Structures are given as structure tokens and as C-alpha cells.
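K.L.:
give me a model of this one.
(chains A and B)
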Amino acid sequence: MAWELDNDRPIYAQLVDRIQMQIVSGYYQPGGKLPSVRELASVAAVNPNTMQKAFVELERSGLIITQRTNGRNVTEDTELIESIKQGMARGHMEFFFSKMKELGYTGEEIKALIDNEIAQ
Amino acid sequence: MNELVEIVGLTKAYDARHVAVNNITLTLPKGKIIGLLGPNGSGKTTLIKMLNGLLTPTQGSIMVNGHYVGVESKAHVAYLPDRTYLSGNQSIRGILDYFVDFYADFSRDKAEEMLKSLNIDPDTKLKTLSKGNKEKVQLILVMSRNADLYVLDEPIAGVDPAARDYILRTIINNYNPDATVVISTHLISDIEQILDEVIFMRYGHLVLYTSVDNIREQHGKSVDAYFREVFAC
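P.N.:
So this is what the prediction gives:
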């Protein structure tokens, strides 16, 4: 299946998000091997150059490590993965709270709604 | 040297009133997948035919990998025309023989492997295939050449979404960092995610040559949406 991509953002940025998500969620394990640029480009049905650009971005953030002879691996630095995960969670929380405030809920009301949701 | 195609002051006038391509200057690098986009009648096919040496420019010049378009360049340019030039009565096997004879850079093994993965029997005649399979076979023939430049004129017109995905994957999987693929289409949203760069043409003029991610970054919209804005009528 080709990856679903949004129309309003650069493609490489969406590939970065997607692979980052697969790493923090454990789909690709810490220290685990990643597919080649070409394989992943084919799966996603995107241009290999764009996938390459996404990998470069992920290397820069330290999430993936390139070994000259041995392809690419996910970092073994679980602290780094955890901090990126927390950063993503914070992003989701901020988005959620801004939407709820737009709807007119107070902090207390949101808390009650969350408790209610968890209880279900 | 990273330039593959150098087009300088290129013009094609069919007669004084019909200028299909008007003074285009453009340099295309190696290793890119480039969309050639424009409304009907904007000069895409005329430009493509000049790249292939099927039409002679009225003015200007084209060089492909250091050679002026001609016998030498044709050996290194693989072309998928917008309508077929193959005889429907030929078997696939016969067409493969023909390509082996014709093109020194044609890999029969590669073509046969791809045909096998599609379960297409080499003894079938081209005309008995469905429209989607006909398109696939012709793309396989073109992509089985080891060319410097692949020029695909409307490769996905009129095929179903599954066939389209197959065609896009075939282009990606055969992508070679030293070669460039030029794809003309007006079905932009279907191929946008495999393109590096886009060329916009209108009334024979070059309107824009930039990268897909540039358009998305600068305008916050897809190339398809941006195209509709630029060419709104």
C-alpha cells in the first residue's frame, strides 16, 4: 500500500514524521535494521530522492545511524527515542487542548472528560 | 558533470501562426524524476518529440549527455510515446526480439522478469491484452533499457488505480541515480509523490521549473492545487 500523504506539506517532512512514528512506537526496534532507501521508497510509492532526504533528516536528529558497509539502523539510544516520543506526545496534547479551549471547555471540565474517557 | 539535458532557445513553429514550443531554455540534471505538466496544447508532446529527435527544432538546440540530438543520442534516450507504434499482431516474444535487435542497452532478462511477475504469457499478442496490461508491457519495454534519459508521454492515461500504482512502482524500482525520467501528464495528483521536480508549460512557453517540495513549502499546497491556480481559466 502506498502511504497516504497530505497535500499541504512537503513530502519529505511527512516521510520523516511517519518513520519517526514507526521508531517511537517500536515498529522498528532500537538498534534494529531499517530497509534501504529504495525498498522503503517502493513501499511508500515515493521518489527515492525524497526518501533519501527524509533519511538525512532523521540522521541529523540522531534517530537513525548510517554505517558505511552495513546499511542503516535505528539508534540504540533509548533515551533519545523516549525524548522524541515525549516531544510528539506534547504536540498532540497542545493540539488537543487548543481545540478543547476553542470549544469553550475549562481545564477542570477537560479533566473530567478525560477521566470519563479513560473509565470507559 | 551533473547536467544531463541542455535545451537552449528551443523553438518549434509548425507554421507562422502555430508556434508549439516558444524559445525554451532549460537544463535538467541527472538522477531526477521530473514531471512535464501543462494543459492540452501547451507543447509538451512537441518538446518530447524534439528530445527524441522525432521532430527537428525550428530554432535552438538540445544536447543529451553531451550529444546533440541525433543517432548518437537516440541510443541513450528511451521513449514511451503517447500512442503505440507496435503492431498488435506481434507476440510479446516477437516484440522482445525486436527490442534486443534495436537497442544495445535493452535487457531481455529484466523485461522477462517483469512480465513474469505480471503473469503475462510471452506468446500472447499485444492486441489481446487489456488496456492496462498494454500500457504496462510498453512501460516494461522502455524501462528495461539502460538509458540516460527516459521520456514517458502520458504513461498513466486511462488505466485503473491498481495499474497506475504498478506503473509508478516500476518507474521507482528501475530508477537509476545516473539517469533522469521525464513524465508528461495532466493527472498530476496521481504522480506527484514520485516527482522531484516539475516543469510547467503554457502556450509553448516555460512557465516554471522548480521542485515539488519547493511548491509545497512556499505555497502550502500540492502541485496539483497550485497547477489549478496557475492555469485557472
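K.L.:
list the helices and strands the helix ranked longest in chain A packs on?
P.N.:
Determined from DSSP state H, the single longest helix within chain A is helix A:78-102. If contacts are counted by 3 or more Cβ pairs under 8 Å, 6 or more residues apart in numbering or on different chains; DSSP states H and E, helix A:78-102 sits against helix A:11-24, helix A:107-119. Backbone N, C-alpha and C define where each C-beta goes, glycine included.
K.L.:
give me every residue that touches residue 100.
P.N.:
Picked chain A for this. A:110, A:113 (Cβ atoms under 8 Å, 6 or more residues apart in numbering or on different chains).
K.L.:
my question was about chain B, not that one.
P.N.:
Contact analysis of B:V100 by Cβ under 8 Å, 6+ apart lists B:106, B:108.
K.L.:
roughly how far does it sit from chain A?
P.N.:
Separation of B:V100 from chain A (Cβ to the nearest Cβ, to the nearest Å) stands at 27 Å.
K.L.:
could you check the pLDDT of that residue?
P.N.:
We have a pLDDT of 94 for B:V100.
K.L.:
related to what we said a few turns ago, just put the helices and strands packed on helix A:78-102 in a markdown table and tack on mean neighbour count and mean pLDDT.
P.N.:
What follows is the helices and strands packed on helix A:78-102, written out as a markdown table (neighbours: other Cβ atoms under 10 Å in any protein chain shown; pLDDT from 0 to 100):
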| stretch | mean neighbour count | mean pLDDT |
| --- | --- | --- |
| helix A:11-24 | 20 | 94 |
| helix A:107-119 | 10 | 92 |
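K.L.:
now do the longest helix of chain A, average pLDDT.
P.N.:
Rounded mean pLDDT across helix A:78-102 is 94.
K.L.:
what does chain A have sitting close to chain B?
P.N.:
Counting by Cβ under 8 Å from any Cβ of the partner chain, the residues of chain A close to chain B are A:2, A:5, A:7-12, A:38, A:41-42, A:44-50, A:53.
K.L.:
list the contacts of the residue most central in space within chain B.
P.N.:
Closest to where the C-alpha atoms of chain B average out (Cα atoms, centre = their mean) is B:L152, at 1.9 Å. Counting by Cβ under 8 Å, 6+ apart, B:L152 touches B:80, B:139, B:142, B:171, B:181-184.
K.L.:
do the same with B:L129
P.N.:
B:120, B:137.
K.L.:
show the backbone phi and psi for it.
P.N.:
Dihedral angles of B:L129 (phi, psi; degrees, to the nearest 10) stand at phi -80, psi 160.
K.L.:
and if you look at B:L168?
P.N.:
Backbone torsions for B:L168, taken as degrees, to the nearest 10, come to phi -60, psi -40.
K.L.:
where do the domain boundaries of chain A fall?
P.N.:
A:11-76, A:79-119 (automatic domain parsing).
K.L.:
identify the bridge partners of residue 33.
P.N.:
In the absence of a named chain, this looks at chain A. Judged by DSSP bridges, the bridge partners of A:K33 are A:N73.
K.L.:
meant chain B actually
P.N.:
B:V181.
K.L.:
list the contacts for it?
P.N.:
A:47, A:49, B:171, B:175, B:180-181, B:183, B:194-197.
K.L.:
could you do B:S222 as well?
P.N.:
A:7-8, B:188-189, B:192, B:215-216.
K.L.:
among those residues, name the buried ones.
P.N.:
Buried subset of these (neighbour count, 16 or more other Cβ atoms under 10 Å in any protein chain shown): B:188, B:192, B:215-216.
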